[in-house]
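**Q** Return atomic coordinates for the entry below.
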Amino acid sequence: MGEKAEYKSAIRSRRLIRQAFVELMREKALEKITVTDIVTRADVNRGTFYAHYQDTRAVIEQIENEIIEKMLEFLGEFKYKNFFQNPLPLLLKISRWLEEDLEFYRILINSSGAEQFLVKLKKIFVEYLGNYSDAPEHIKKSPEFFILINFFAGGITNLYQVWFRGEMDSSLNEICLEISKVIVSNSTLFCE
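**A** A predicted model of the protein is given here:
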């Protein structure tokens, strides 16, 4: 019983630290957030913080790694042709996942350090389609394919970013439908 309670306590502590960190990101630049800020906001002691994280950078790295891991999991479920012929299921799956903790992702995407992370996410998407998808090699090596996947990765990321900033009245479903139409209508060359 003691081990299970300790495990739940560790999960709770990490959740509190993570939530405090994200709330602080709303208020100040990433590099200005201190361990003291986090433990005060999370209402945990420094020892608890250091039991889980080396420093404040480790908190954001864990959050980023969890998001990247989830994105790779989603991408791994979809084959190249399926994505270009019908990207809607993947886009809807990503949107449902974002909706599970909408306020958390809204704060994260609108924070001062988000731009660098979003560039990293785009790069992962491009690398995945360029290296790990089941696309035929002659297609993967074409300049048109490289341009297209960079265009899609940048466009999709930007639309989510604009939506999270509150600059669009569309729902996530509507955004997914429109993105899907654009991808399908512009990728017939790669769906042989």
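
**Q** nearest residue to residue 178 other than its sequence neighbours?
**A** With C-beta to C-beta, 6 or more residues apart in numbering as the criterion, residue 178 has its nearest non-adjacent residue at 7.7 Å, and that residue is residue 170. No exception for glycine: its C-beta is placed from N, CA and C like everyone else's.

**Q** report the longest helix in this protein, please.
**A** For the chain, the longest helix by residue count, based on DSSP state H, is helix 2-27.

**Q** buried sites along it?
**A** Of the residues in helix 2-27, 13, 14, 16, 17, 18, 19, 20, 21, 22, 23, 24, 25 count as buried by neighbour count, 16 or more other C-beta atoms under 10 Å.

**Q** Who are the packing partners of it?
**A** helix 35-42, helix 46-52, helix 56-76, helix 102-109 (3 or more C-beta pairs under 8 Å, 6 or more residues apart in numbering; DSSP states H and E).

**Q** So for it, mean pLDDT?
**A** In this model, helix 2-27 carries a mean pLDDT of 82.

**Q** Also stretch 75-93?
**A** pLDDT averaged over stretch 75-93 gives 80.

**Q** buried sites along the strand or helix carrying residue 124?
**A** According to DSSP states H and E, residue 124 maps onto helix 114-127. Using 16+ other C-beta under 10 Å as the test for burial, helix 114-127 gives 114, 117, 118, 121, 122, 124, 125, 126.

**Q** Using JSON lines, please lay out these together with pLDDT and distance to residue 104.
**A** As requested, these are exported to JSON lines (pLDDT from 0 to 100; distance: C-beta to C-beta, whole Å):
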{"residue": "114", "pLDDT": "79", "distance to residue 104": "12"}
{"residue": "117", "pLDDT": "86", "distance to residue 104": "14"}
{"residue": "118", "pLDDT": "89", "distance to residue 104": "16"}
{"residue": "121", "pLDDT": "89", "distance to residue 104": "16"}
{"residue": "122", "pLDDT": "91", "distance to residue 104": "20"}
{"residue": "124", "pLDDT": "89", "distance to residue 104": "20"}
{"residue": "125", "pLDDT": "86", "distance to residue 104": "21"}
{"residue": "126", "pLDDT": "88", "distance to residue 104": "25"}
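
**Q** what about the longest helix of the chain, distance to the chain center?
**A** Helix 2-27 sits 20 Å away from the centroid of its parent chain (C-alpha atoms, centre = their mean, to the nearest Å).
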